[in-house]
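Student: 3D model of this:
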Amino acid sequence: MKIDLHVHTKPKSPCSNMTPEGAIAEAKKIGIDGICFTEHDVLWSDEEIEQLRKDEDFLILRGCEISSMDGHFLIFGLEQQMEPFLTIQEIAELRKKPTSFLAIAHPFREFLVVGLDQLNLNIEEESRKDYFVYLDGIEIKNGRSSKKANRFAERIANKLELRGIGGSDAHEYHEIGKVVTEFQSEITNETDLIKELKNGTFKVEYFRD
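Tutor: Next up, the predicted model:
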């Protein structure tokens, strides 16, 4: 199953130009099997997601992209709203670890303008960042990050033995499905999703130009 794990829609994410229904229609059009709404600092309710699934006859999952003092983090299996701009320690305390999955989003996107080489980044130095000890995974392919930044993120994930996930980070319809996470097992709900993310039975790939 090919699922886009990182999608933003309006009005919950004001920076997005996509409606939820429009995003779903685009996902169907390009032939992926599901999408996950990861709005900025807002969690969809179970009731809202269930209604959308029924109305659209499509797999819709939910996560959240939390803006923290230590960067942006994707959380799957979150059971309550979180305030923005917490520290990673506070986020880790609030989430229920056995039933959730926490990953840093687009960790090196801020280096796009300057360039990774010019900043003299190295694997050893970056892998010592404090927040990694709280994480289950790293977003190693992000549709709005450069391939160089994504490759660097993947090297960090491999070194730290963290799960490497991926998603489009779509804010526009043409961005849906740029990156997908492909699961070997069928995903029907968030419990399935978290189980397979923790098991590592998936691969991340570029799907759409």
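
Student: now for the helix or strand harbouring Leu197, which elements pack on it?
Tutor: Under the criterion of DSSP states H and E, Leu197 resides in helix 190-199. Secondary-structure packing of helix 190-199 (3 or more C-beta pairs under 8 Å, 6 or more residues apart in numbering; DSSP states H and E): strand 59-68, strand 71-76, strand 101-104, strand 163-167. No exception for glycine: its C-beta is placed from N, CA and C like everyone else's.

Student: now the strands for the protein?
Tutor: In the chain, the segments counted as strands under DSSP state E are 2-7, 34-40, 59-68, 71-76, 101-104, 137-142, 163-167, 179-183, 202-206.

Student: Between strand 179-183 and the first one, find me the angle.
Tutor: When you say that, I think you mean strand 2-7. 130 degrees (axes from the mean of the first three to the mean of the last three C-alpha atoms, to 10 degrees).

Student: Alpha carbons of strand 2-7, as CSV, please.
Tutor: What follows is strand 2-7, C-alpha atoms only, in CSV (Å, rounded to 0.1, in the frame of the first residue of the first chain):
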residue,chain,number,x,y,z
LYS,A,2,1.3,3.4,-1.0
ILE,A,3,0.4,6.1,1.5
ASP,A,4,1.4,9.8,1.6
LEU,A,5,2.1,10.3,5.3
HIS,A,6,2.5,14.1,5.3
VAL,A,7,-0.3,16.3,3.9
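
Student: quick one: buried residues of it?
Tutor: Neighbour counts over strand 2-7 (16 or more other C-beta atoms under 10 Å) mark 2-7 as buried.

Student: Any chance you could list what contacts that strand?
Tutor: For strand 2-7, the external contacting residues (C-beta atoms under 8 Å, 6 or more residues apart in numbering) are 18, 23, 27, 31-38, 59, 61, 63, 65, 74, 76, 105, 139, 142-143, 165-170, 176-177, 179-183, 187, 193, 207.

Student: Mind doing that once more with 6 Å?
Tutor: 23, 32-38, 165, 167-170, 177, 180-182 (C-beta atoms under 6 Å, 6 or more residues apart in numbering).

Student: Quick one, which of those residues are buried?
Tutor: Buried among those by 16+ other C-beta under 10 Å: 23, 32-38, 165, 167-170, 177, 180-182.

Student: related to what we said a few turns ago, ok, residues contacting the helix holding Leu197?
Tutor: 61, 76-77, 101, 183, 185, 187, 202.

Student: Equivalent analysis for stretch 89-108, please.
Tutor: Outside stretch 89-108, the residues touching it (C-beta under 6 Å, 6+ apart) are 65, 71-77, 82, 134-139, 142, 145, 149, 152-153, 165, 194, 197.

Student: ok, Phe85 - contacts?
Tutor: Met69.

Student: Could you give the backbone dihedrals for it?
Tutor: phi 70, psi 30 (degrees, to the nearest 10).

Student: give me the number of residues near Arg144?
Tutor: 18 (other C-beta atoms under 10 Å).
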